[in-house]
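Undergrad: sequence and predicted model, in that order:
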Amino acid sequence: MQDNSRVIRQDISWKIIISLGGFFMIALTFALGFFLFYRGIGTFTTYDHSVFEFLFSSTWAPADSHDGGGKVGAAIFIFGSISTCLLALLISLPFSIGVAIFMTEISPGFGRKIIQPIVEIFVGIPSVVYGWLGLTVLVPVIKDVFDTQYGFSVLAASLVLAIMIFPTITSVSADAIRSVPKNFRQAAFGLGSTRWQVIYKIVLPAAKNGILTGVILGLARAFGEALAVAMVIGKTKVFPVSILSPTTNLTSAIAADMGGAMDGGEYNIALWTMALLLFFISLGCIFLIHYISESDGENI
Amino acid sequence: MREYIGDVMGESNVHSLDTSTAVHSIQDKFIVDKLDLYYGTFKALKEISMNIKESEVTALIGPSGCGKSTFLKTLNRMNDLDSTVRIEGSVLLDNKNIFTEIDVINLRQWVGMVFQQPNPFPKSIYDNIAYGPRVQGITKKAELDIIVERSLRQAAIWDEAKDRLHKSALGMSGGQQQRLCIARTLATKPDVILMDEPTSALDPISTLKIEELVLELKKDYTIVIVTHNMQQASRISDKTAFFLLGDLIEYNTTEEIFTNPKNPKTEEYITGRFG
């Protein structure tokens, strides 16, 4: 009889290695969340600020020391993040969905061979490149076209973000559209629908959960983007009066100030609280995606 | 649509006088002349010529891959969705060429189709039926209500559906879904209904219901049905066309085909010696 013990031992060791990888992943996620929570909560415990002050006050003057006593109103940063992300979404959405429809329904061959790889290239471009292009091309153009003082603005940040989230929304939406069963389309064409009617009455509603997932993934990416936004938003700690005025956001503030603030001081901890807030935002996005994908198969 | 029919009635009469082959009391709905169809370079239909009569049930039979479904899908140009398909020859609907004289969107409303797999939209029963009228531009709820009820009654599914009109159509059984799909087709007020093996995915009782429905519907509609089931063809059709490898081998009254086939290949097929 053949002895299989070596193969069996191998099988067991593979299982162990792979399981360890999985556990490590879970442990890392929890450690990250715990650490962010541990540092970020200090604003409210150690330095005794209210959550309300952090979220809704716009007076940002944390003390760079362990004594505290400063102000940690992050409303400008939060508003900067939300406004740039939503505007980016508004700009990106029509293009993303349009391209997704074109590459799947209108011209699938061309879509698969040409557009798909191009969209994938967009994903791979480092964010510093987007930021740099924004800085050297977009900002001067906005300055000239709208005749503003600098060109650094909510609009510039939103446009850069829009370009950055475009590939995410497009490719996820295209996948969702492709997975709409062919017989829905056949039925719709068979009833005398035009191609446009098939797309907006049947295909898009049937793909809406997938498209929504793409939108949320894009939004999560936009909220987390630091470098490219920091380069074009102007980093001015005031509420923007229009989309042409400069402001700042959560990620820019963290990226710019984390190095200078004294470790454990009020300033430093306030930045950690911002990071915690970003963590909660992406956590919320992920829960939302799970909620949406569970409701799959509902009526359109 | 009604205007269109009225419009060509006269011409159609003239035509059936000209073509002297068949009974004159019933008009030709379709006149297919030397139809060739290619998938890329593969010739799937070879010089098909046949006239399909109004208010009759015409069955298309033949072994898998013989071209009967392809032929059926040519009649409302569903083959257009496949970019490799190339068609030569002509198909006249009420004496108008479906490729050149009729807009494909209108054609598919006049020549409705029921598919092999029941394919209701993941919408409510009501919205499934109302889909066709809505894409035609009917938006008034009162009008849609009437169409929905009439279509469901015609398809003999009103009693099963009336209490759940706003529930998902996917909650129905396969047989109910197929009758719903027939109702959905009826809602676009077609003249012709094409059925592509409509009962092959259904149990015997659902099949029987669909067959009864076909016999009921033929009073008002021209029906062309593809079937793998010889008994079904003999039960419900007036004419039967036997296809083999892209050729129309024999086309005659169903009675003749099943009792006295002219071509030995037809006889072999219907007696189950191949296929």
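TA: Okay, I see it. Numbering: from 1, shown residues only, chains lettered A, B, ... in the order given.
Undergrad: going forward, measure contacts between C-alpha atoms and count neighbours the same way
TA: OK.
Undergrad: parallel or antiparallel, list what pairs with the helix or strand encompassing B:Lys34.
TA: Element membership for B:Lys34 (DSSP states H and E) is strand B:28-39. As defined by DSSP bridges, the strand partners of strand B:28-39 come to strand B:42-53 (antiparallel), strand B:85-93 (antiparallel).
Undergrad: pipe these into CSV and attach mean neighbour count per row.
TA: Formatted as CSV, the strands paired with strand B:28-39 follow (neighbours: other Cα atoms under 10 Å in any protein chain shown):
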stretch, mean neighbour count
strand B:42-53, 18
strand B:85-93, 18
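Undergrad: save the ones you listed as CSV, and put in mean pLDDT too.
TA: Formatted as CSV, these follow (pLDDT from 0 to 100):
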stretch, mean pLDDT
strand B:42-53, 93
strand B:85-93, 93
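Undergrad: now for those, which one comes closest to A:Lys71?
TA: strand B:85-93 (71.8 Å; Cα to Cα).
Undergrad: mind exporting the C-alpha coordinates of the closest one to CSV?
TA: Included here for strand B:85-93 are C-alpha records, laid out as CSV according to Å, rounded to 0.1, in the frame of the first residue of the first chain:
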residue,chain,number,x,y,z
VAL,B,85,-26.8,37.2,-39.0
ARG,B,86,-27.2,38.1,-42.7
ILE,B,87,-30.5,37.6,-44.5
GLU,B,88,-31.4,37.4,-48.2
GLY,B,89,-34.9,37.1,-49.8
SER,B,90,-38.1,38.7,-48.6
VAL,B,91,-40.7,38.3,-45.9
LEU,B,92,-44.0,40.2,-46.5
LEU,B,93,-46.3,40.9,-43.6
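Undergrad: with adjacent residues omitted, what lies nearest to B:Val135?
TA: A:Ser193 (6.1 Å; Cα to Cα, 6 or more residues apart in numbering or on different chains).
Undergrad: ok, the one you found - how many residues close by?
TA: Other residues lying near A:Ser193 total 25 when counted by other Cα atoms under 10 Å in any protein chain shown.
Undergrad: got a list of what it touches?
TA: B:Ile105, B:Gly132, B:Val135 (Cα atoms under 8 Å, 6 or more residues apart in numbering or on different chains).
Undergrad: ChimeraX command for the buried members of the residues you listed?
TA: A single ChimeraX command selects the buried members of the contacts of A:Ser193 (16 or more other Cα atoms under 10 Å in any protein chain shown):
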select /B:105,132,135
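Undergrad: which of the contacts of A:Ser193 lies closest to A:Met258?
TA: Nearest member of the contacts of A:Ser193 to A:Met258, counting by Cα to Cα, is B:Val135, at 58.0 Å.
Undergrad: any idea how far the closest one lies from A:Arg185?
TA: Separation of B:Val135 from A:Arg185 (Cα to Cα, to the nearest Å): 14 Å.
Undergrad: same question for A:Pro117.
TA: 26 Å.
Undergrad: same question for A:Thr273.
TA: Taking Cα to Cα, one finds A:Thr273 at 49 Å from A:Arg185.
Undergrad: neighbour-wise, which of the two wins?
TA: A:Thr273 (25 against 19).
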